[in-house]
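Undergrad: Kindly return the folded structure for what I paste below:
(one chain, ligands or ions: 2)
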Amino acid sequence: MEIKWLGHSAFEIITDKNLKILIDPFISNNPSSSVAVEDVSPDYVLLTHGHSDHFGDTLEIADRTGSTTIAIHEIALFVSKQGFDTISMNIGGSIVVDDIKITMLDARHSADIDFMEDVVPGGYACSFLIETEGGSKIFHAGDTGLFGDMETIIGGLYKPDIALIPIGGKFTMGPFEGALATKWISPKKVIPMHYNTFPIIEQDTFVFSNFVKQLDSNIEVIILNPGETYSD
Ligand code: NI
Ligand code: MN
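TA: Numbering: from 1, shown residues only. Ligands and ions are numbered 1, 2, ... in the order given. The predicted structure follows:
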């Protein structure tokens with residue numbers, strides 16, 4: 001299983017059976033993107049919410065590749081109205097696609113589709129737990145602030161192996177909150193995201209790593225550069 005960071009909150013997960021799952025494909029307008037939008041060919045696109053820096057190139061990718069978009073009901077409806085395949089789900093629910101189990105979980109963030117001329121309601125922002133056919137549990141936190149259920153539900157019940165956690169501040173948690181979220185979720189490994197895309201969310205990953213080390217030294221912090229891959 002491989003997890004490739006494309007920059008910002010965009011990740012490509014390639015499972016052992018070579019299934020490609022793209023999360024929050026903000027590529028063509030992403031100054032930190034490591035790929036061209038023509039070069040991605042996902043089977044599934046997962047969206048945590050409808051903000052432009054997450055929805056990104058979803059429609060172009062669906063049009064070119066025939067990928068299926070998986071999102072909360074309101075966003076799935078929006079994508080399906082443009083004529084593309086979707087799977088609609090909602091917070092607390094799970095689906096299984098091609099032996100991959102996907103559970104939609106909470107995030108604490110706003111959620112409108114913000115790039116249309118008129119703002120379209122986008123339900124709620126969410127996070128995802130992705131359990132590959134090999135049994136790896138990957139948690140993508142989406143955009144979020146800290147909330148207590150990270151410890152009781154996400155960490156306590158779902159027990160991810162690897163967590164992808166926003167640390168950029170201003171629109172999401174910063175390095176300290178991200179480190180505390182990591183401690184509560186208690187994965188074996190954490191990869192920070194949603195930082196250094198723009199000057200306004202610039203962060204030093206060393207600060208985040210140090211906070212994690214102080215809070216729980218058993219958790220390994222993996223720092224990727226856009227374009228780099230973590231393999232398990
Ligand atoms: Ni957002
Ligand atoms: Mn964002």
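Undergrad: Around ligand 2, which positions in the protein sit nearby?
TA: Counting by Cβ under 5 Å from the ion, the chain comes close to ligand 2 at Asp53, Asp143. (Each C-beta comes from the backbone N, C-alpha and C, glycine too.)
Undergrad: And the pLDDT at the most centrally placed residue in the chain?
TA: The centroid of the chain falls nearest to His140 when counting by Cα atoms, centre = their mean (3.9 Å). pLDDT, His140: 99.
Undergrad: Hmm, Glu12 and it touching each other?
TA: No - if you go by Cβ atoms under 8 Å, His140 and Glu12 don't touch, sitting 11.6 Å apart.
Undergrad: shared neighbours of these two, anything?
TA: Common neighbours of His140 and Glu12, using Cβ atoms under 8 Å, 6 or more residues apart in numbering, are Ile23.
Undergrad: Below-threshold pLDDT in the chain: ranges please.
TA: For the chain, no stretch is flagged by pLDDT under 70.
Undergrad: residues contacting Lys101?
TA: With contact taken as Cβ under 8 Å, 6+ apart, Lys101 is in contact with Ser94, Ile95, Leu129, Ile130, Glu131.
Undergrad: for Val35, same thing?
TA: Contact analysis of Val35 by Cβ under 8 Å, 6+ apart lists Leu6, Ile27, Gly227.
Undergrad: Now do the helices in the protein.
TA: For the chain, the helices defined by DSSP state H cover 52-55, 58-65, 73-81, 149, 175-185, 205-215.
Undergrad: Check the offset of the third one from the chain's centre.
TA: Just to be clear, that refers to helix 73-81. With Cα atoms, centre = their mean, to the nearest Å as the basis, helix 73-81 stands 18 Å off its chain's centre.
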